[in-house]
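> make a model of this:
(one chain, ligands or ions: 2)
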Amino acid sequence: MFQAFLLKYAEVGVKGKNRYVFEDALVRNVKKHLEKISGEFDVSKINGRVFVQCANYDYEETVEELKKVFGVVGICPVRVLDSMDHDDVVKAAVEFIGENYPDKNFSFKVETRRANKSYPIPSMTMDADAGEAILMAYPETHVDVHNPEVRLHIEVRETVFMYSKTIKGCGGMPLGTNGRALLLLSGGIDSPVAGYMVSRRGVELDAVYFNAPPYTSERAKQKVMDLARQISKWTGPIHLHIINFTDIQLYIYEKCPHDELTIIMRRYMMRIAEHIARQNDLLGLITGESIGQVASQTMKSLFCTDEACNIPVYRPLIGFDKQDIIDLSEKLGTYETSILPYEDCCTIFVAKHPVTKPNLNIIKKSETKLDEKIDELFKTAIETDEVVLIGNEER
Ligand code: ATP
Ligand code: MG
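Ligands and ions are numbered 1, 2, ... in the order given. Prediction:
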């Protein structure tokens with residue numbers, strides 16, 4: 001029924017001289033996505049849109065995949081006609097409406113665009129003829145040129161194509177147009193969503209997970225890998241750094257007041273993450289924090305956590321309520337995995353009454369109790385970093 005898709009993009013189109021960089025990235029990304037599914041696809045740029053010709057493909061699967069390409073705002077299924085003859089085009093318009101709209105009670109308008117100027121029939125004539133033929137065939141329909149419910153687009157190029165529906169794409173900016181960043185990925189609900197949101201602005205991701213064996217299990221680690229795999233459907237392949245954090249946590253536990261444990265631990269997470277980011281040309285850190293959600297995310301706690309590192313930290317969920325985040329994670333399909341009840345390194349060493357209003361000077365003073373040994377543990381943690389490439393297998 002449909003032989004092609006027209007992909008619409010918005011922001012990508014307004015980038016002045018850089019426009020071609022964004023368009024080329026978009027074309028490349030669409031190709032990469034379609035390589036994952038079966039079918040023959042030819043992807044090209046035409047006039048501010050991407051055109052995908054398809055053969056031997058599955059419609060639903062292809063639409064699902066195109067919905068995962070950042071930068072695509074709308075996906076229009078297109079019928080490509082095998083004849084350019086005026087009468088055939090008019091007939092095809094009638095058929096198109098017949099097949100796509102079982103309920104004919106709607107207003108419509110035909111909009112012809114004649115990009116191929118050598119085509120002998122003016123677009124107004126085509127609009128009028130196709131419109132009239134549709135009205136004749138389906139008397140329940142009516143024409144509304146100002147605010148039609150259905151716009152039937154006829155485009156005349158080397159061939160003629162027709163489309164009327166736009167399926168919503170995920171929007172954002174094409175991947176690869178805005179560098180890479182490091183996502184602090186826990187097994188929770190928030191961080192996968194945070195990674196998705198930043199990546200949607202064209203940023204490729206790597207991730208770090210702080211693991212605390214034997215206090216946390218292999219299953220907890222597997223859960224994080226599963227989450228990384230799920231978001232990689234949008235974000236592309238992710239290098240997941242798995243850092244063994246146990247000894248650092250135990251040492252902090254031994255030396256520092258227990259109510260400050262979470263904050264100090266989080267400061268070490270940020271420091272290690274910064275180190276990994278700098279070693280790998282990653283331009284910032286991303287966390288799933290949101291103001292006030294838990295003790296470690298009050299303004300004062302965030303003030304202390306943020307102070308530990310010297311690299312931009314992006315917290316895209318900062319103003320979100322938990323329910324908003326849950327809704328997003330359900331949409332992404334990460335929610336079911338996130339709520340699996342495996343232990344997390346933060347919950348194992350957590351104090352009964354963590355400070356909610358930590359004072360930076362006091363925290364810093366507590367940290368001085370950690371002597372050179374912490375530097376050694378830091379070094380070992382980095383040296384034993386296990387890196388797994390996730391989301392590359394389908395490519
Ligand atoms: P999430 O649902 O993302 O786990 P949370 O509500 O449990 O978040 P915290 O435990 O305070 O909140 O963690 C805040 C942020 O710190 C997380 O969103 C994540 O970015 C990062 N983080 C926490 N624990 C880990 C971990 N074990 N490994 C990597 N990052 C972590
Ligand atoms: Mg968590």
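> tell me which element Ile154 is part of?
strand 150-156 (DSSP states H and E).
> buried residues, that strand. List them.
Of the residues in strand 150-156, Val150, Leu152, His153, Ile154, Glu155, Val156 count as buried by neighbour count, 16 or more other Cβ atoms under 10 Å. For the C-beta atoms, the positions are set from N, CA and C on the backbone; glycine is no exception.
> which residue sits closest to the residue in the chain that ligand 1 sits nearest to, ignoring its sequence neighbours?
Closest approach of the chain to ligand 1 (Cβ to the nearest ligand atom) occurs at Gly188, with a separation of 2.1 Å. Closest residue to Gly188 apart from its sequence neighbours, by Cβ to Cβ, 6 or more residues apart in numbering: Ser338 at 5.9 Å.
> so the one you found sits right up against Ser329, yeah?
Yes - with contact defined as Cβ atoms under 8 Å, Ser338 counts as touching Ser329 (6.1 Å).
> Asn100 touches Leu152, doesn't it?
No - between Asn100 and Leu152 there is no contact under Cβ under 8 Å: 9.3 Å.
> quickly list what's touching both of these two.
Ser164 (Cβ atoms under 8 Å, 6 or more residues apart in numbering).
> now do the contacts for the residue nearest to Gly188.
The neighbours of Ser338, taking Cβ under 8 Å, 6+ apart as the test, are Gly187, Gly188, Ile189, Pro192, Leu227, Ser329.
> mind listing the strands for the stretch 101-250 of the chain?
Using DSSP state E, counting those that start in this stretch, the strands of the stretch 101-250 of the chain run over residues 107-114, 142-143, 150-156, 160-163, 167-168, 180-184, 204-211, 238-244.
> the first one packs against which elements?
Packing partners of strand 107-114 (3 or more Cβ pairs under 8 Å, 6 or more residues apart in numbering; DSSP states H and E): helix 123-137, strand 142-143, strand 150-156.
> just the ones of the contacts of Ser338 in helices?
With DSSP state H as the criterion, helices contain Pro192, Leu227, Ser329 from among those.
> same list (these) but as a markdown table, adding distance to ligand 1, neighbour count and pLDDT.
Shown next, in a markdown table, are those (distance: Cβ to the nearest ligand atom, whole Å; neighbours: other Cβ atoms under 10 Å; pLDDT from 0 to 100):
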| residue | distance to ligand 1 | neighbour count | pLDDT |
| --- | --- | --- | --- |
| Pro192 | 7 | 31 | 98 |
| Leu227 | 9 | 29 | 98 |
| Ser329 | 9 | 25 | 98 |
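> on that earlier part again, most tightly surrounded among the helices and strands packed on strand 107-114?
strand 150-156 (a mean of 20; mean count of other Cβ atoms under 10 Å).
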